[in-house]
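A.B. asks: What shape does this take:
(chains A, B, C and D, ligands or ions: 2)
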Amino acid sequence: MMSADETTGGGGADGGFEDETGFNEEVVDLDLSCRPHSRILSTIRTIVTGLADQHGFPDDIIGQIEMAVDEACANVIRHAYTGVNLPNHQLYRIHLRIVLCNQAMTIHVIDNGIGLHNKPKGASNVEEYLQRGAKGGLGLHIMDRFMDEVSYQYPEDGGTHVIMKKYLPTAATS
Amino acid sequence: MMSADETTGGGGADGGFEDETGFNEEVVDLDLSCRPHSRILSTIRTIVTGLADQHGFPDDIIGQIEMAVDEACANVIRHAYTGVNLPNHQLYRIHLRIVLCNQAMTIHVIDNGIGLHNKPKGASNVEEYLQRGAKGGLGLHIMDRFMDEVSYQYPEDGGTHVIMKKYLPTAATS
Amino acid sequence: MKNYDLVIHEKNAADASQKVDVLGCLDSHTVVDFEKSMQNVLAGMPSHLILNLSQLTYISSAGISALMGLTHRLRKDNGELILLKPSEKVFRVFRTLGFTAIFKIVESDDALQDALASRLG
Amino acid sequence: MKNYDLVIHEKNAADASQKVDVLGCLDSHTVVDFEKSMQNVLAGMPSHLILNLSQLTYISSAGISALMGLTHRLRKDNGELILLKPSEKVFRVFRTLGFTAIFKIVESDDALQDALASRLG
Ligand SMILES: Nc1ncnc2c1ncn2[C@@H]1O[C@H](COP(=O)(O)OP(=O)(O)O)[C@@H](O)[C@H]1O
Ligand SMILES: Nc1ncnc2c1ncn2[C@@H]1O[C@H](COP(=O)(O)OP(=O)(O)O)[C@@H](O)[C@H]1O
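C.D. replies: Residues are numbered from 1 along each chain as shown, chains lettered A, B, ... in the order given. Ligands and ions are numbered 1, 2, ... in the order given. Take a look at the predicted model:
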C-alpha cells in the first residue's frame, strides 16, 4: 500500500530525488521548491493545510501539521544558509516533498545548508525551553511534539533532510 | 535575519525556467513538480485554489483559474508523453511554477513531451467544438476563455511551456 | 481522500427513467470510472438518464465531453440526458461556455417532474 | 495578500494600559514587524499591554518567543502582558505546549476588566 516510504532514498538536488514511490495507485507525491525567504511561509502553510484537509485530517491535526512544517521551513530560512557559501545561487532553496498515502501524510523538508549535525537537542518540554531563557529549541520541540514520527538525514553533499510523518486518525487506531 | 534571500538569484535550474521576478519584495514564486498521473489533478487544484484564495481572488475567478490549470495539466498527462521515449524516467514530469505578485497570479505549466507546435487551434467557441463532433479543443478553449493572458513557449530541448496569467480584479481596473 | 462517487438509483418502473447522483469532482481522472459506469447504466436501456449534479463540486472539459457523449447517445434513441440541480459553480461553467443552450438542465425536482411528464406524456 | 496587521489603540488615560489588536498570522516573517511595533509601544511605557488575539489566525514558535519576550520585559517593570480572547486554534497551541501556565490569558472583556482592577486596585 505504501511502498513509498519504505524504500526512501536521499533527498538531494532538484530533480535528483530518487523515485521512491513506484507507480502505486494509492500514493500521491509532489515536489515543491522555492527560495528561502520568510514571506513564502504563509504560502507553504496554505498548501500543506489544503492537502491535509483534502486527505481527510481533522482540523486540530491539520493545525499541528501546519505548525510542524512551518517550523521546519522557518529553520531552513533562518539557520540553514547562514555563513554558507554555495557554488551556485540556485542551491539556496527550500525543497519540500509531500507524500500522501492511505494511512498518512509525510513531509520532507530539505536544504543544502550547513547541516544540523550538532544540533542543540530540541527542548523536550517548555520548562527546559524557559530555563534556556526562552531562546531556541522551541521549533524542534514543536516538530517532535506535533508529528507522529520525525527523523533527520544528512545527505552526503551537505544540508539537512527532515522527514515528518502524521498518520490519519482512523489508520492509527487500526 | 534573512541572509539567505539576499544572495539568492534566479529561478530554477529545475527545467530552466527564467527568473522573471528579480528580488521584488512583493513577489512569491514556487516551483512544483510531480509525475504526470491523473490522480495528481485534484491535488494541484487544491493547491492552486488555496493560493488564489489567499491572494485575494473572488470565488468565481478562483474557479476559472482552477479549471484553466486543470486543463493544462490534464493535457500534459493525456498528450505530452504519448509515444515519447525519454532517456530518463525522471523526465516524465509535470512542472508548475506559480508566481504571485501584487496585480496577478501567473501559472506556468511545463512538460518535456512532444510539444504542441502544430496544435489544433483551440475551439474558439462551443459551436466550433460541436462541429468537430465534440472532440478536442475544449481544453485549450477553456484556458483561453478563463485566463487574461495565455502564451506558449517551446523550449529548445523539447516539450511545451504554457504561461497563463490572471489579474486581480482591483488591479485590472486601475 | 474520496472526492468522487456515484449513487446509481433503481430504474423508475413507471417511466423507465433512471437517476444517478454524481458526487465530488468529474475530472480527467474520475471521468474514466464515470464513463464505464454510465455504459453499464445505458445497457439497461433507460428512457431518460437523470444526473443529479447537486453535489458535483467540479467539472472539467473531460467531464463536459462525457456529458456531451451521453446526450448524443440518448437522443439517438429519443431519450434525453437531464442534468438535475447543478451546483452554482458547475452551472456557471456551463453558462460561461455556452453549454446551457445544449444540455437539458432542470433546477428543481418539480421542474424535473414537469420535464418528464411533457416528454413522456 | 494581507495576512498580518496591527491595530494600536490609544493608551488608556485612566490606568495607562494599552491595547493592540493582532490580526492574521504571527510567524517567522511577520514577527519582525511585530517586534518593531511592540518596541515602539513599550517606549510609551504602558502599565499593561493587552494584545487582543481574537483575530490571530496562526502563531509559530517565533510569535510565541516574541510574546515571551514581552512578558519578561513588562514584568520587570511590574507590568503584565495580557493575552485577550485568543482564537480556539491559537489557544489550543498554547495549551498543548504548556504556555497557558506562563502567559496571562483572559477569555472575555469582563475578565479583562477584573484582571486590570485587581492588578491596579
Ligand atoms: N535546517 C537547519 N539547518 C541548520 N541548522 C538548523 C536547522 N534547523 C535547526 N537548526 C539549528 O537548530 C537550532 C534549534 O532550532 P529551533 O528549535 O527551531 O529553535 P530556534 O530556531 O528558535 O533557534 C537552531 O538554532 C539552529 O542552530
Ligand atoms: N502539453 C501538450 N503536449 C502535447 N500536445 C498537447 C498538449 N496540450 C494539448 N495538446 C494537443 O492539443 C490538442 C487539444 O487539446 P485540448 O483542447 O485540451 O482538447 P483534448 O485534450 O480534448 O484533445 C490535444 O488533443 C493534443 O493533441
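
A.B. asks: which residues does C:Val106 bridge with?
C.D. replies: C:Leu84 (DSSP bridges).

A.B. asks: For it, list the residues it contacts.
C.D. replies: Taking Cβ atoms under 8 Å, 6 or more residues apart in numbering or on different chains as the criterion, C:Val106 is in contact with C:82-85, C:112, C:115. (C-beta placed from N, C-alpha, C; glycine too.)

A.B. asks: Give me the average confidence score over the strand ranked longest in chain C.
C.D. replies: In chain C, assigned by DSSP state E, the strand with the most residues is strand C:18-26. Computed over strand C:18-26, the mean pLDDT rounds to 97.

A.B. asks: and if you look at stretch A:65-75?
C.D. replies: Stretch A:65-75 shows a mean pLDDT of 98.

A.B. asks: Mind checking if that stretch is in reach of chain B?
C.D. replies: No. Counting by Cβ under 8 Å from any Cβ of the partner chain, chain B has no neighbours in stretch A:65-75; the shortest distance is 10.9 Å.

A.B. asks: Mind checking if that stretch is in reach of chain C?
C.D. replies: No. With Cβ under 8 Å from any Cβ as the threshold, stretch A:65-75 lies outside contact range of chain C, at a closest distance of 15.1 Å.

A.B. asks: Can you point out the buried residues in that stretch?
C.D. replies: For stretch A:65-75, the neighbour count (16 or more other Cβ atoms under 10 Å in any protein chain shown) marks A:65-75 as buried.

A.B. asks: Make TSV from those and add secondary structure to it.
C.D. replies: Formatted as TSV, the buried residues of stretch A:65-75 follow (DSSP: H, G, I helix; E, B strand; the rest coil):
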residue	secondary structure
A:Ile65	helix
A:Glu66	helix
A:Met67	helix
A:Ala68	helix
A:Val69	helix
A:Asp70	helix
A:Glu71	helix
A:Ala72	helix
A:Cys73	helix
A:Ala74	helix
A:Asn75	helix
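
A.B. asks: Let's have these in CSV, adding distance to ligand 1.
C.D. replies: Formatted as CSV, the entries for the buried residues of stretch A:65-75 read as follows, by distance: Cβ to the nearest ligand atom, whole Å:
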residue, distance to ligand 1
A:Ile65, 16
A:Glu66, 15
A:Met67, 12
A:Ala68, 11
A:Val69, 13
A:Asp70, 10
A:Glu71, 6
A:Ala72, 7
A:Cys73, 9
A:Ala74, 7
A:Asn75, 3
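
A.B. asks: where does A:Arg145 land in three-state SS?
C.D. replies: Three-state call for A:Arg145 (three-state DSSP): helix.

A.B. asks: Tell me, how many residues neighbour it?
C.D. replies: 20 (other Cβ atoms under 10 Å in any protein chain shown).

A.B. asks: again with the one 4 residues further on
C.D. replies: A:Glu149 has 13 neighbouring residues, counting by other Cβ under 10 Å.

A.B. asks: Can you verify my assumption that it contacts A:Lys165?
C.D. replies: Yes. Proximity of A:Glu149 to A:Lys165 meets the contact threshold set by Cβ atoms under 8 Å, at 4.2 Å.

A.B. asks: those strands in the chain, which residues are they?
C.D. replies: If you meant another chain, say so; for now it's chain A. Secondary structure of chain A (DSSP E): strands located at A:28-34, A:94-100, A:104-111, A:149-153, A:160-167.

A.B. asks: other chain: chain C
C.D. replies: So, for chain C - with DSSP E - the strands run C:4-8, C:18-26, C:48-52, C:56-59, C:80-84, C:104-106.

A.B. asks: Switch these over to CSV; also include distance to B:His117.
C.D. replies: Listed next are the strands of chain C as CSV, based on distance: least, Cβ to Cβ, whole Å:
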stretch, distance to B:His117
strand C:4-8, 34
strand C:18-26, 30
strand C:48-52, 38
strand C:56-59, 30
strand C:80-84, 37
strand C:104-106, 38
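
A.B. asks: Skipping its backbone neighbours, what lies nearest C:Asp27 in space?
C.D. replies: In space, not counting the residues next to it along the chain, C:Asp27 is nearest to C:Ser60; the distance is 4.4 Å by Cβ to Cβ, 6 or more residues apart in numbering or on different chains.

A.B. asks: So for the one you found, what's the pLDDT?
C.D. replies: At C:Ser60, pLDDT is 98.

A.B. asks: Quick check: phi and psi at it.
C.D. replies: For C:Ser60, the backbone dihedrals are phi -110, psi -180 (criterion: degrees, to the nearest 10).

A.B. asks: my read: it touches B:Glu71, true?
C.D. replies: Yes. Under the criterion of Cβ under 8 Å, C:Ser60 makes contact with B:Glu71 at 6.4 Å.
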